[in-house]
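**Q** after the sequence you'll find the predicted model.
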Amino acid sequence: GAPAATTPATTTSNGAGGGSSGPSGGAKQAPSLEDEWLEFNDKEVLPFRQELIPRECFGGLDGHSQRATGSTVTNAKARLKRNNAYLLVYERVETFAEDEETEEAGAEEGKTPDVPPSTSLVLGNRNASGDATLESGAPSELRRRLRGESLACLDDVLDSPSLARSSSSLSNAMTPAVQRAVWDESLAFLFDRHTFNVDHFRFLWHIVDCTIPAASPPRAGLRDKELVGSPREAPEPHHMELGACARATEVGLQFLVDVVAHARAKSCVPSWCGQLLSLAQQSEDVAKVALRLLTGEDAVARAFPHEGDTRVAPLDGARESRGWLAQMLVLCPHDSSKDAFIHLITTLVAQVRTTEMPLYLVSDAGGGGGAAAVSPPAGPEDQSEPAGCTAPVAAATSEPHAGASATQASADTLPETRSALVRTPLRGEAKTAEQHAQEPRDPTHCGAKSWVSPVTRLVEAVFELLESRYGSNFNLSHAVQLLESIASLGRAERLMMLGLEVPSRILASMLPDLTPHAPCTSRVMRLFATLAMACEPLDSTPQSLLPPSPFALKPFDPTSRHFLDPVTEQAFLNRAFLESAIASRPDEASTFLQHLVWGGFSEKCDRVCKVLVERTIDGTSGKTSKVYRPYFRVLRNLLTMGDDAAHERLGHCLPNLVQRCNRLIERRETGDEEFVYEVSKLLLWLGANAPEAQGLVTKLRGGSGGGWGKWSRYWSHPPR
């Protein structure tokens, strides 16, 4: 096409320039334009200089300034270019045979052979600068020479020897590094642009849909408003071939993760999840296939070996243990899609948990052959317990399975399963944190493929994702949310996660990059609070994980509180993490800390109380603000626990609170009345309900600060 505008003779171009988004190239103008060569595209015409190719085509800063009257700069801005571009140069290439035929035909007709566009391009540029003139003789030799020189000028700019043209051939192969870069960036472009083919979408939808038996009326059409995100009613398993169903699950899951998850039509994700759940409900084997696919196994061939060679070859890219989980939990651009994935995985786990609970902590000792039960070292109270975990947990598998709903383990079996499943290295406080840190890593922590159960493999795959710090903008919030959802299914899942040392491994991944008020802290505390209730019965609806009163936190036996190893305790008592956790999730932090300090008064209890008292008092410095509320809330719950260390905690904390209140009564600033009122309620409750605190409260009554006289008006007239 013709250029949109003209530029001076100094704006010669080889077909590339900055800021162009449409097709670009060179075109020789009429003689009236003095043989100028111009760069043009669909939007604008700009002067072009060869040395600007790296900055304009491969990122950099885009400067922009606004000038007032004269030359004074009033506003200068520079922004980073986030979109890169390829430099594409097109040439017309003719073979030597074609050249000779053209020359012979021209000689017979008495005409001068036409110069190819590539030759004209270079000669036009050189004529414009006065460096070369068109030679009339030896056109074949001229073409051969110009073929080797036409793109040689770009070698210094792009630093790519592959651009140098040989005099004998122009078919240079692309290097493997460039091939990989182009392929990766093409896939990134596909994901970032959220593009996928609608016909392909409908085709795969019909493939998955026709695999599901007609247990319910078929859906008419594929419009978004007609796609339902819930699974169909589960038909009888014998109505279909389970191998084909498993294969359809694999195909549908790959399309969901690789394409649909990155689409702008976010409403399609729940619909596809509903389709996959309908497939998984045909049989537990199909649900296990879906879980194993997420850990990088050839799950269909393992579950259905009778298919043999008739099965289609495994899909590329589906065998990396972090691949699909990374797409689901990290790389997916929409939080709603990540939540849908978490719901899908949790529902699959809930479907298979009845038969998988006995195998949660059974390791695949032979790499797929034999299995070995993993159990903690036997303590004094464990001599009568079986060494393996199959027998104790087998009793828990008798609970009825209600489809995809979250079911709970039977309460009477949990005291038995706890000692068989949970590692309790703190029994008797025999080991210090330094000794535990020097011990070798548990050999069972060698990856997701060392476990028999697909649920345990999935949890290990999530930790491989956490420990790899996948991606530059890695955020572990949704990965922790998935672990929390699985832990909320029942005590068997929570005990399994404690056996896998989930708290310490999460903190190890979190603490190096911990910042104040990190977004993942809230999720981590919710997970810890769920795991802290591993020995407590929960309601059928796990929305409320906290007990109504602190005294309900008393465990079944004194040893059940030791569910953390010393390394985890030391990491959790990191002050930066502790303050951030309490400020973001005070209820969950309170639950976790009450289990942590239950029993005797120890160094860790003193550290926790010291942090809580200091942060509470700091919130009243200068001016009382709302900052003190979460810390005082947690401190109040710790002081009202009725264990053996209650008197020591009260003696360390109450005098500081009372002394601070006496100063606030004298100051009478905004917010002071609220703090004094809250402390007054705590003291009155302790004096009436805690016998071990009555003597201390009476002693504080006659202390300095005028006794209770100045406090009485806060009790009778509480602040609004």
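**A** Happy to help now that I have it. Numbers count the residues shown, from 1 in each chain.
**Q** count the residues that sit near the residue nearest to residue 324 when sequence neighbours are not counted.
**A** The shortest distance from residue 324 to any residue other than its chain neighbours is 4.9 Å, reached at residue 257 (Cβ to Cβ, 6 or more residues apart in numbering). The C-beta positions use only the backbone N, C-alpha and C, and glycine is treated the same way. Residue 257 has 25 neighbouring residues, counting by other Cβ atoms under 10 Å.
**Q** next one: residue 343
**A** 17.
**Q** residue 693 too?
**A** The number of residues near residue 693, taken as other Cβ under 10 Å, comes to 23.
**Q** output the lowest mean pLDDT helix or strand found in the chain.
**A** Lowest by mean pLDDT, DSSP states H and E among the helices and strands of the chain is helix 414-421, with a mean of 29.
**Q** is it true that the residue nearest to residue 324 touches residue 327?
**A** Yes - the criterion here is Cβ atoms under 8 Å, and residue 257 meets it with residue 327 at 4.7 Å.
**Q** who's in contact with the residue nearest to residue 324?
**A** 324, 327-328 (Cβ atoms under 8 Å, 6 or more residues apart in numbering).
**Q** does it sit in a helix or strand, and which one?
**A** helix 242-258 (DSSP states H and E).
**Q** keeping just the C-alphas, turn that helix into CSV.
**A** What follows is helix 242-258, C-alpha atoms only, in CSV (Å, rounded to 0.1, in the frame of the first residue of the first chain):
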residue,chain,number,x,y,z
LEU,A,242,-15.1,-45.8,33.2
GLY,A,243,-12.0,-45.8,31.1
ALA,A,244,-13.6,-43.4,28.6
CYS,A,245,-14.9,-41.3,31.5
ALA,A,246,-11.4,-41.1,33.0
ARG,A,247,-9.9,-40.1,29.6
ALA,A,248,-12.6,-37.4,29.1
THR,A,249,-11.7,-36.1,32.6
GLU,A,250,-8.1,-35.8,31.6
VAL,A,251,-9.0,-34.0,28.3
GLY,A,252,-11.5,-31.7,30.0
LEU,A,253,-9.2,-30.9,32.9
GLN,A,254,-6.4,-29.9,30.6
PHE,A,255,-8.6,-27.7,28.5
LEU,A,256,-10.0,-26.1,31.7
VAL,A,257,-6.6,-25.4,33.2
ASP,A,258,-4.7,-24.4,30.1
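**Q** ok so, going back, dump the contacts of residue 257 into TSV; add neighbour count as well.
**A** Formatted as TSV, these follow (neighbours: other Cβ atoms under 10 Å):
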residue	neighbour count
324	24
327	22
328	25
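**Q** between these, which is closest to residue 527?
**A** Nearest to residue 527 out of the contacts of residue 257 is residue 328 (Cβ to Cβ; 17.9 Å).
**Q** tell me the spacing between that closest one and residue 520.
**A** Applying Cβ to Cβ, to the nearest Å, the value for residue 328 to residue 520 is 17 Å.
**Q** what does residue 176 give?
**A** For residue 176 relative to residue 520 (Cβ to Cβ), the value is 38 Å.
**Q** what about the closest residue to residue 529 other than its chain neighbours, how many residues nearby?
**A** Among residues not flanking residue 529 along the chain, residue 588 sits closest, at 3.7 Å (Cβ to Cβ, 6+ apart). Residue neighbour count, defined by other Cβ under 10 Å, stands at 23 for residue 588.
**Q** walk me through the domains of this structure.
**A** 96-171, 188-319 (automatic domain parsing).
**Q** which strand or helix spans residue 456?
**A** helix 454-468.
**Q** do residue 659 as well
**A** helix 646-667.
**Q** the following helix or strand past that helix: which residues count as buried?
**A** Next in sequence after helix 646-667, counting helices and strands by DSSP H and E, comes helix 672-689. Counting neighbours by 16 or more other Cβ atoms under 10 Å, one finds that the buried residues in helix 672-689 are 672-680, 682-683, 686-687.
**Q** low-confidence stretches in the stretch 201-350 of the chain?
**A** 213-241, 297-322 (pLDDT under 70).
**Q** go again using 90 as the cut-off
**A** The model of the stretch 201-350 of the chain has pLDDT under 90 over residues 201-341.
**Q** tell me where it has strands.
**A** Here the stretch 201-350 of the chain has no strands by DSSP state E, counting those that start in this stretch.
**Q** only the buried residues of the helix holding residue 456, if you could.
**A** 454-466.
**Q** can you put those residues in CSV and add pLDDT and distance to residue 182?
**A** Converted to CSV, those look like this (pLDDT from 0 to 100; distance: Cβ to Cβ, whole Å):
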residue, pLDDT, distance to residue 182
454, 86, 36
455, 87, 39
456, 87, 39
457, 87, 35
458, 87, 34
459, 88, 37
460, 87, 34
461, 85, 30
462, 85, 32
463, 81, 33
464, 80, 29
465, 78, 27
466, 76, 31
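**Q** tell me the pLDDT at the residue nearest to residue 529?
**A** Looking at residue 588, its pLDDT reads 77.
**Q** so which strand or helix has the residue nearest to residue 678 when sequence neighbours are not counted?
**A** Counting by Cβ to Cβ, 6+ apart, residue 632 is the residue found nearest to residue 678 once chain neighbours are left out, at 6.4 Å. Here residue 632 sits within helix 628-639, counting by DSSP H and E.
**Q** about what we covered before: pLDDT-wise, what's the bottom of the buried residues of helix 672-689?
**A** Lowest pLDDT among the buried residues of helix 672-689: residue 687, 75.
**Q** what about residue 644, how many neighbours?
**A** 12.
**Q** is it in a helix, a strand, or coil?
**A** coil (DSSP: H, G, I helix; E, B strand; the rest coil).
**Q** how about it, phi and psi?
**A** Main-chain torsions, residue 644, degrees, to the nearest 10: phi -70, psi -20.
**Q** and residue 501, by the same measure?
**A** phi 60, psi 50.
**Q** count the residues that sit near the residue nearest to residue 209 when sequence neighbours are not counted.
**A** In space, residue 209 comes closest to residue 275 once its chain neighbours are excluded; the distance is 6.7 Å by Cβ to Cβ, 6+ apart. Residue 275 sits with 26 neighbouring residues when counted by other Cβ under 10 Å.
**Q** quick one, what contacts residue 275?
**A** 205, 208-209, 212, 231, 252.
**Q** could you dump those residues to TSV with neighbour count and distance to residue 287?
**A** Output for the contacts of residue 275, formatted as TSV (neighbours: other Cβ atoms under 10 Å; distance: Cβ to Cβ, whole Å):
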residue	neighbour count	distance to residue 287
205	20	21
208	21	15
209	18	19
212	22	14
231	21	11
252	23	14
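**Q** which one of those residues is nearest to residue 608?
**A** Among the contacts of residue 275, and counting by Cβ to Cβ, the member closest to residue 608 is residue 231, at 45.6 Å.
**Q** helix or strand right after the helix holding residue 456?
**A** Downstream of helix 454-468, the first helix or strand assigned by DSSP H and E is helix 477-487.
**Q** that next one packs against which elements?
**A** helix 335-356, helix 454-468, helix 491-499, helix 502-510, helix 519-532 (3 or more Cβ pairs under 8 Å, 6 or more residues apart in numbering; DSSP states H and E).
**Q** any idea of the angle the last one forms with helix 491-499?
**A** Read that as helix 519-532. Angle, helix 519-532 to helix 491-499, by axes from the mean of the first three to the mean of the last three Cα atoms, to 10 degrees: 120 degrees.
**Q** residues of helix 519-532 that come out buried?
**A** Buried residues in helix 519-532 (16+ other Cβ under 10 Å): 520-532.
**Q** rewinding a little: which one of the buried residues of helix 454-468 sits closest to residue 659?
**A** residue 466 (44.3 Å).
**Q** in space, what's closest to that closest one - neighbours in sequence excluded?
**A** residue 509 (4.5 Å).
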